[in-house]
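**Q** Generate coordinates for the sequence data below:
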Amino acid sequence: MALDITAVLNQWGQWGVFSYLFPFLIIFSIVFAILQKTKLFGDAKQDGQKNVNGINAIIAVSVAFISLLNDYVSTFFATIFPRFGIALAIFLVLLILIGFFIKPDANGKYPGSISWVGWVLGIGIVLWAWSEWSDIFGGGFEFTSFLNDYFWGLILLVGIGGLIAWIVKGN
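**A** Okay, here's the model as predicted:
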């Protein structure tokens with residue numbers, strides 16, 4: 001029987017690799033790095049303390065295990081990382097499209113007029129996150145239904161705002 005990647009990933013999912021092992025490793029790594037960077041318990045290189053790394057590791061392991069007591073962390077990671085991957089793919093496609101239409105100047109820098117792309121992308125991500133994660137955190141509003149109801153009005157409003165900005169700028 002030949003194993004394919006889907007079967008392997010499904011087996012890992014049944015074993016809890018994605019629900020427990022990877023969240024544990026992520027939390028451990030972040031806590032350990034923060035403790036190392038802040039030097040909360042001293043610096044092994046300056047103080048000559050060899051056990052500082054061990055103390056940081058014990059605290060990081062403890063925090064990582066305690067955070068996995070409830071399924072909340074596993075559910076959160078199972079929700080955020082697939083959506084983060086999709087958002088990252090959309091951002092990559094947006095950068096490729098920008099590269100097709102806007103050329104850098106002689107210094108290799110892009111004109112400042114494309115900074116609006118970052119603002120539009122940032123506002124869109126915040127609104128999307130707020131609407132998608134309202135089920136997890138409670139509150140919020142359904143941006144997708146809001147967008148479906150007012151899509152053309154929003155397009156008109158953005159177009160008028162862009163036209164006003166263009167006229168005021170003097171182009």
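**Q** mind listing the helices in this structure by residue range?
**A** Using DSSP state H, the helices found in the chain span residues 5-15, 22-38, 44-47, 52-67, 72-101, 115-132, 134-137, 143-169.
**Q** Can I get the ones you listed in a markdown table including mean neighbour count and mean pLDDT?
**A** Heads up, the C-betas are built off the backbone N, CA and C, glycines and all. A markdown table is the format used below for the helices of the chain (neighbours: other CB atoms under 10 Å; pLDDT from 0 to 100):
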| stretch | mean neighbour count | mean pLDDT |
| --- | --- | --- |
| helix 5-15 | 11 | 89 |
| helix 22-38 | 16 | 92 |
| helix 44-47 | 12 | 64 |
| helix 52-67 | 16 | 90 |
| helix 72-101 | 12 | 78 |
| helix 115-132 | 13 | 68 |
| helix 134-137 | 12 | 57 |
| helix 143-169 | 11 | 73 |
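**Q** for those helices, which one sits closest to Gly108?
**A** helix 72-101 (12.7 Å; CB to CB).
**Q** how far does the closest one sit from the chain's center?
**A** 7 Å (CA atoms, centre = their mean, to the nearest Å).
**Q** ditto for stretch 54-71
**A** 22 Å.
**Q** And the contacts of it?
**A** 19-20, 23-25, 27-29, 31-32, 35-36, 41, 73-74 (CB atoms under 8 Å, 6 or more residues apart in numbering).
**Q** from those residues, which two are the most distant?
**A** Ser19 and Phe41 (31.0 Å).
**Q** so how far is Leu157 from the residue nearest the centre of the chain?
**A** Among the residues of the chain, the one closest to the centroid is Phe84, at 5.1 Å (CA atoms, centre = their mean). For Phe84, the distance to Leu157 (CB to CB, to the nearest Å) stands at 29 Å.
**Q** May I see the helices of the chain organised as TSV, with distance to Asn107 added?
**A** Listed next are the helices of the chain as TSV, based on distance: least, CB to CB, whole Å:
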stretch	distance to Asn107
helix 5-15	44
helix 22-38	34
helix 44-47	40
helix 52-67	44
helix 72-101	17
helix 115-132	17
helix 134-137	44
helix 143-169	22
